[in-house]
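Enquirer: Provided below are the primary sequence and the corresponding predicted coordinates.
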Amino acid sequence: MTTAALDILTALDSPAGRADPYPHYAALHELGAAVRLAPGSVAIVGYDANAAVLRDPAVRHEDYAEIAAVLPQWLEHPSLTESEDWILNLDPPRHTRIRSLMSRAFTARRVAALEPAIAAMTDQLLDAMSGAGPVEFMQDFAYLLPVTVICELIGIPESDRAEFRPLARAVTTIFDFTDLGDLAEADKATARLLEYFTGLAAQRRASPRDDLLSALVAVAGSDDGRLSDAELTRNLILLLVAGFETTTNLLGNGLHIVLHDPALAVSLRSGDIPVAAFIEEVLRYDSPVQAASNRISPGQEVGGLVIEPGEHLMPLVGAGNRDPRKFSAPGRFDPLRSEGSPLSFGGGAHFCLGAALARLEASVAFPRLLARFPRLALAGEPARRPSLVLRGYDTLPVTVG
């Protein structure tokens with residue numbers, strides 16, 4: 001089984017596999033809900049198995065110090081060392097302490113209050129898209145809407161936002177790199193973003209505003225150990241990257257599905273298919289995030305497989321979302337199915353802080369987009385981004401009428 005699983009994983013991580021991982025997930029499902037790839041390494045494939053791992057407080061994240069001890073070159077790459085303090089990679093109690101501070105920006109009331117502003121931003125972007133020629137949906141809408149929202153939340157000036165997409169895209173290389181030599185651009189981007197946020201934090205200390213950064217700077221300056229300067233600036237990078245990368249992919253993946261299914265577009269416009277149900281099925285069917293960060297097993301049984309303490313776990317949530325044990329005909333897009341929520345936002349203590357915001361942005365954007373452009377159509381061949389973990393499009397050209 002190990003040889004077969006490794007062969008499948010190798011194919012999954014090829015250019016063709018990254019472009020279409022789903023046949024490889026199906027092959028892994030035939031091997032089990034949890035599959036040992038090699039001694040000490042297990043892929044978590046099934047829906048219930050993924051949910052159990054993501055929600056188990058005894059499952060820990062990989063220890064960066066232990067990685068550096070085995071691989072000293074790790075320390076030469078700021079894109080890796082600076083992500084050590086990301087709440088994505090932390091366990092309690094540090095995770096709990098930092099997340100509780102950052103979560104102030106994502107309370108239910110604060111997110112709901114953003115809806116009018118998101119609607120206004122959406123209409124403004126749709127106005128700019130209007131015209132006779134093709135437009136590039138990813139750049140002209142799917143990126144601009146969520147980056148504007150997250151930058152407004154953090155308190156990043158509008159004049160500074162143009163450079164963030166290439167920088168954030170470079171940083172996300174750390175999720176897929178196969179060799180440390182692949183990280184040169186990620187290292188440069190990380191250094192630039194740290195420099196930027198250090199400077200912006202200094203401005204907020206001198207002149208606070210009504211934004212998340214000012215609130216976090218005040219906590220970091222309180223000298224009570226709740227938030228260090230390094231934890232602040234490093235997690236601002238995470239907030240920026242995660243705040244628009246996943247929503248950008250959700251918008252692009254969802255529109256691509258609609259453009260290939262005219263009946264679905266009609267049902268969405270008429271309201272026969274609720275937009276909320278459509279968004280949940282996009283999250284399941286073509287998840288913007290295909291894998292969660294690796295974990296270390298405390299010693300447990302998952303999906304019928306006995307996993308020893310210290311073994312590395314790879315939660316493939318994209319595979320869990322296509323688990324035939326959980327979803328009937330998992331390769332069929334069915335927004336009216338009611339078989340469970342997608343795993344795309346993780347689970348347990350690490351459930352995505354911005355999940356409600358991403359859903360809100362999509363629920364505002366899709367009805368307005370489809371109502372505004374009834375003849376919306378593809379204008380050329382889309383290009384997938386070459387990532388397995390973050391699944392989306394680099395380009396999605398469309399005509400709007």
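Expert: In hand now; what should we look at?

Enquirer: ok, for residue 117, nearest residue in space, not its chain neighbours?
Expert: residue 152 (7.3 Å; C-beta to C-beta, 6 or more residues apart in numbering). For every residue, glycine as well, the C-beta is placed using N, CA and C.

Enquirer: doesn't residue 113 make contact with the one you found?
Expert: No - with contact defined as C-beta atoms under 8 Å, residue 152 and residue 113 do not form a contacting pair (11.9 Å).

Enquirer: Compare the two (neighbour count), which wins?
Expert: residue 152 (17 against 10; other C-beta atoms under 10 Å).

Enquirer: Geometric centre of the chain: which residue is closest?
Expert: Centroid-nearest residue in the chain: residue 246, 3.8 Å away (criterion: C-alpha atoms, centre = their mean).

Enquirer: so who does the residue lying closest to it once chain neighbours are set aside touch?
Expert: Among residues not flanking residue 246 along the chain, residue 288 sits closest, at 4.5 Å (C-beta to C-beta, 6+ apart). Counting by C-beta atoms under 8 Å, 6 or more residues apart in numbering, residue 288 makes contact with 245, 246, 247, 248, 249, 250, 253, 344, 390, 391, 392.

Enquirer: what's the offset of the host helix or strand of the fourth one from the middle of its chain?
Expert: Put plainly, it is residue 248. If you go by DSSP states H and E, residue 248 is part of helix 229-259. Relative to the chain's own centre, helix 229-259 is displaced by 6 Å; criterion: C-alpha atoms, centre = their mean, to the nearest Å.

Enquirer: For this protein, give me the ranges with low pLDDT.
Expert: The chain contains residues with pLDDT under 70 at 1-2, 132, 223, 225.

Enquirer: how about a cut-off of 80?
Expert: Across the chain, the ranges flagged by pLDDT under 80 are 1-3, 132-133, 178, 221-225.

Enquirer: the helices in the stretch 101-250 of the chain, which residues?
Expert: Per DSSP state H, counting those that start in this stretch, the stretch 101-250 of the chain carries helices over the ranges 108-112, 115-129, 137, 144-154, 164-171, 184-206, 212-220, 229-259.

Enquirer: Can you tell me which of these is nearest to residue 379?
Expert: Of all the helices of the stretch 101-250 of the chain, it is helix 137 that lies closest to residue 379, at 9.2 Å by C-beta to C-beta.

Enquirer: contact partners of the closest one?
Expert: Residues outside helix 137 that contact it (C-beta under 8 Å, 6+ apart): 252, 255, 396, 397, 398.

Enquirer: swap the cut-off to 7 Å and go again
Expert: The contact list for helix 137, computed with C-beta atoms under 7 Å, 6 or more residues apart in numbering, reads 252, 255, 396, 398.

Enquirer: Residue 42 should be in a strand, yeah?
Expert: Yes - Residue 42: assigned to a strand according to DSSP: H, G, I helix; E, B strand; the rest coil.

Enquirer: Isn't it up against residue 316?
Expert: No - using C-beta atoms under 7 Å as the test, residue 42 is too far from residue 316 to be in contact (10.6 Å).

Enquirer: Let me know how buried residue 390 is, in neighbour terms.
Expert: 21.

Enquirer: Give me the distance between it and residue 381.
Expert: As for residue 390, its distance to residue 381 is 20 Å (criterion: C-beta to C-beta, to the nearest Å).

Enquirer: cool, and residue 253?
Expert: 16 Å.

Enquirer: wait, isn't the residue nearest to the centre of the chain in contact with residue 289?
Expert: Yes - judged on C-beta under 7 Å, residue 246 makes contact with residue 289 at a distance of 5.9 Å.

Enquirer: All the strands of this structure, in order from the start?
Expert: 34-38, 41-44, 60-61, 135-136, 295-296, 300-302, 305-307, 312-315, 377-378, 383-384, 393-395, 397-399 (DSSP state E).

Enquirer: Give me the packing partners of the third one, helices and strands only.
Expert: Secondary-structure packing of strand 60-61 (3 or more C-beta pairs under 7 Å, 6 or more residues apart in numbering; DSSP states H and E): strand 295-296.

Enquirer: Count the residues that sit near residue 169.
Expert: 20.

Enquirer: nope, residue 272 is what I was after
Expert: Using other C-beta under 10 Å: residue 272 sits among 11 other residues.

Enquirer: got it, and the one 10 residues further on?
Expert: A total of 27 residues lie near residue 282 under the criterion other C-beta under 10 Å.

Enquirer: which residues touch the residue nearest to it when sequence neighbours are not counted?
Expert: Of all residues not flanking residue 282 in the chain, residue 254 sits nearest, at 4.2 Å (C-beta to C-beta, 6+ apart). When contacts are counted by C-beta under 7 Å, 6+ apart, residue 254 is found next to 279, 282, 362, 366.
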